[in-house]
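Asks: Generate a structure from the sequence data that follows.
(one chain, ligands or ions: 2)
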Amino acid sequence: MIESALFKNASLVLPNGIKEGDIFIQNGKIHSIGPSLSHSAELEIDAKGLVIMPGMIDSHVHFREPGPTYKETIESGSRAAVSGGVTSFFEMPNTNPSTTTLEEMANKKQIASQTSLANYAFYIGATPDNLEVLNTVENVPGIKIYVGSSTGSLLVADREQLIPIFENGDRIISVHSEDEQMVQDATQQFADSTTPSDHYRIRSTEAAIKCTKMLHGLANDYKRRLHILHLTTADEVCFLRENPSSYVTSEVCPHHLSLYGPDAYDRLGNLVKVNPPIREKHHTDELWKGLLDGTIDCIGSDHAPHTLEDKDKPFMQAPSGMPLVELSVRLLLHYMNQGRFTLSQLSHWISAKPAQLFGIHSKGVLKEGFDADLCIVDTNATYTVSRSSVVSKAGWSAFEGSELKGNVVMTIVNGQLVYREGDILESVKGQEIRFN
Ligand code: DOR
Ligand code: ZN
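Replies: Ligands and ions are numbered 1, 2, ... in the order given. Here you go, the predicted structure:
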């Protein structure tokens with residue numbers, strides 16, 4: 001274990017802008033930030049030409065433990081995370097069994113404390129009858145509700161079943177927002193489809209906006225914090241822009257910003273089958289607008305690993321989701337290099353804002369006294385995505401062949417160097433994230 005490290009001559013992404021300077025870390029914390037620090041340290045790295053940002057807090061990943069661990073374990077998912085500059089993750093409850101009880105929550109935390117290389121937190125999943133657990137379980141980012149069903153068996157679809165959850169308690173409620181009945185009806189109609197691009201017809205724009213309007217109404221009626229995960233439609237972005245609410249925030253995912261139909265389905269078939277779906281380009285364009293104008297608050301990866309064998313099933317049977325935890329920062333650096341946004345904006349969407357929205361203690365910005373969770377990037381390096389480079393057990397990427405400008409070169413978790421240029425240092429362990 002390293003007790004202290006000094007990074008010299010870096011570009012530091014600070015809360016008030018980017019400054020050239022040094023950063024000294026000691027006992028897992030950021031000790032000092034400044035122009036020419038002269039502390040002696042166990043590890044000293046000349047970071048000239050590199051950018052140091054807060055590590056990504058990926059507030060949306062699916063690992064598969066307990067359950068189909070051949071797709072991912074907490075350990076393998078956390079390895080993928082740190083190799084992509086992610087220093088903390090919130091994992092979703094649609095494992096098997098689902099995380100809907102105190103016992104299952106304790107089990108995940110126990111496994112993570114032994115095996116996770118990154119800092120971790122686990123969502124508690126809502127069922128129609130676990131209200132007491134939702135409000136008594138300790139130290140979670142929030143409650144996850146599948147208002148429309150997806151991978152796994154979690155579902156609370158009816159407004160009548162949702163009301164008690166909105167009415168009781170004050171934790172943030174994060175939702176998968178698609179109208180279940182509309183999706184079920186369309187699934188029947190398309191039962192014989194073998195065309196992957198039918199996915200956005202089955203999981204229609206109408207199903208998404210209908211559900212989002214209903215949930216937005218509940219949040220306002222019951223004055224309850226609602227976080228809408230993975231926005232995909234122009235309709236939802238426009239609705240949220242026109243109906244701002246201090247109770248409602250939202251997320252967008254890198255794949256919905258990057259890929260659109262029918263092109264992506266023609267090229268990649270089931271590999272781009274995700275819920276909610278990748279849609280046509282005008283939706284993607286509006287997601288970008290919403291992100292840039294502040295309608296959308298943050299970016300999470302929705303890393304949802306499935307193997308190629310799983311994805312090889314006929315379209316209607318193939319599972320939804322794609323691995324992304326290790327590529328989000330790299331993809332976003334690429335967009336930053338295209339001039340679409342600045343490094344400070346990027347850092348805000350992937351670190352500062354998630355920390356603020358979920359009330360994470362001492363993370364999300366580079367500040368003296370805060371946890372030394374760092375993502376060190378070379379914005380000028382190129383990174384070609386290849387199957388052999390994928391760390392996730394999923395073992396593939398929808399972005400294979402892409403040449404990205406901007407690369408993650410080092411990741412520091414709690415002051416420990418855990419990833420450096422392709423090498424993962426297994427001995428480093430993450431800690432449970434503490435929420436205020
Ligand atoms: O595409 C998805 N995959 N969407 C979800 O809601 C769940 C996820 C998964 O766990 O596979
Ligand atoms: Zn998800």
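
Asks: Skipping its backbone neighbours, what lies nearest the residue most central in space within the chain in space?
Replies: Centroid check for the chain by C-alpha atoms, centre = their mean gives Gly300 as the closest residue, at 2.7 Å. Of all residues not flanking Gly300 in the chain, His60 sits nearest, at 3.1 Å (C-beta to C-beta, 6 or more residues apart in numbering). Using the backbone N, CA and C atoms, a C-beta is placed for each residue, glycine as well.

Asks: For ligand 1, see how far away the residue nearest to the centre of the chain is.
Replies: Going from Gly300 to ligand 1 by C-beta to the nearest ligand atom, to the nearest Å gives 12 Å.

Asks: Pretty sure that residue sits against Cys253.
Replies: Yes - contact criterion C-beta atoms under 8 Å: Gly300 and Cys253 qualify, at 6.2 Å.

Asks: what is in contact with those two at once?
Replies: Each of His60, His230 lies in contact with both Gly300 and Cys253 under the rule C-beta atoms under 8 Å, 6 or more residues apart in numbering.

Asks: What segments of the stretch 101-250 of the chain are strands?
Replies: Assigned by DSSP state E, counting those that start in this stretch, the strands in the stretch 101-250 of the chain fall at 119-122, 124-125, 143-146, 173-176, 226-228, 248-252.

Asks: Direction included, what does the third one pair against?
Replies: For strand 143-146, the paired strands and their directions (DSSP bridges) are strand 124-125 (parallel), strand 173-176 (parallel).

Asks: would you list those strands in a markdown table and tack on mean neighbour count?
Replies: Conversion of the strands paired with strand 143-146 to a markdown table gives the following (neighbours: other C-beta atoms under 10 Å):
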| stretch | mean neighbour count |
| --- | --- |
| strand 124-125 | 26 |
| strand 173-176 | 26 |
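
Asks: Which of these sits closest to ligand 1?
Replies: Proximity to ligand 1 (C-beta to the nearest ligand atom) singles out strand 173-176 among the strands paired with strand 143-146, at 5.1 Å.

Asks: And the pLDDT for Leu6?
Replies: As predicted, Leu6 sits at a pLDDT of 98.

Asks: what does the protein have sitting close to ligand 1?
Replies: His62, Asn94, Ser150, Thr151, His176, Val274, Asn275, Ala304, Ser320, Gly321 (C-beta under 6 Å from any ligand atom).

Asks: in which helix or strand would I find the last one?
Replies: Secondary structure from DSSP states H and E places Gly321 outside every helix and strand.

Asks: The nearest residue to it once chain neighbours are set aside: neighbouring residues, count only.
Replies: Leaving aside its chain neighbours, Gly321 sits nearest to Ala304 (2.6 Å; criterion: C-beta to C-beta, 6+ apart). Neighbourhood size, Ala304 [other C-beta atoms under 10 Å]: 28.

Asks: Relative to Leu271, how far out is Ala304?
Replies: Going from Ala304 to Leu271 by C-beta to C-beta, to the nearest Å gives 12 Å.

Asks: Mind listing the shared neighbours of those two?
Replies: Joint contacts of Ala304 and Leu271 (C-beta under 8 Å, 6+ apart) are Met322.

Asks: burial of Gly152, as a residue count?
Replies: 18.

Asks: got JSON lines for the strands paired with strand 143-146, with distance to Pro244 and mean pLDDT too?
Replies: Below are the strands paired with strand 143-146 laid out as JSON lines (distance: least, C-beta to C-beta, whole Å; pLDDT from 0 to 100):
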{"stretch": "strand 124-125", "distance to Pro244": "28", "mean pLDDT": "98"}
{"stretch": "strand 173-176", "distance to Pro244": "18", "mean pLDDT": "99"}
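
Asks: Ok, which of those strands comes nearest Thr342?
Replies: strand 173-176 (27.1 Å; C-beta to C-beta).

Asks: Output that closest one as PDB, nothing but the C-alphas.
Replies: Taking Å, rounded to 0.1, in the frame of the first residue of the first chain, the C-alpha atoms of strand 173-176 are listed here in PDB:
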ATOM      1  CA  ILE A 173     -36.100   7.200  -6.300                       C
ATOM      2  CA  SER A 174     -34.300   6.300  -9.500                       C
ATOM      3  CA  VAL A 175     -36.500   4.900 -12.200                       C
ATOM      4  CA  HIS A 176     -36.500   2.800 -15.400                       C
END
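
Asks: quick one, what contacts the residue nearest to the centre of the chain?
Replies: Asp58, Ser59, His60, Val61, Leu229, His230, Glu251, Cys253, Pro354.

Asks: was I right about the fifth one contacting Glu251?
Replies: Okay, so that is Leu229. Yes - if you go by C-beta under 8 Å, Leu229 and Glu251 touch, sitting 5.2 Å apart.

Asks: Can you pull the phi and psi angles for Asp312?
Replies: Dihedral angles of Asp312 (phi, psi; degrees, to the nearest 10) stand at phi -80, psi 0.

Asks: Counting neighbours, what do you get for it?
Replies: Asp312: 12 neighbours (other C-beta under 10 Å).

Asks: Please read off the pLDDT at Val428 from the model.
Replies: 87.

Asks: To clarify, my last question referred to Met1.
Replies: 86.

Asks: Check the chain for its longest helix and report it.
Replies: helix 205-221 (DSSP state H).

Asks: which of the contacts of Gly300 sit farthest apart?
Replies: That would be His230 and Pro354, which, of the contacts of Gly300, are the farthest apart (C-beta to C-beta) at 14.1 Å.

Asks: The two: which has the busier surroundings?
Replies: Counting neighbours by other C-beta under 10 Å for His230 and for Pro354 shows that Pro354 has the greater number, 27 against 23.

Asks: For that one, which residues are in contact?
Replies: Ile57, Asp58, Ser59, Cys298, Gly300, Ile360, Gly364.

Asks: So out of everything in the stretch 1-150 of the chain, what residue is nearest ligand 1?
Replies: Ser150 (3.2 Å).

Asks: Do I have it right that that residue meets Asn94?
Replies: Yes - Ser150 lies in contact with Asn94 (C-beta under 8 Å); the separation is 7.1 Å.
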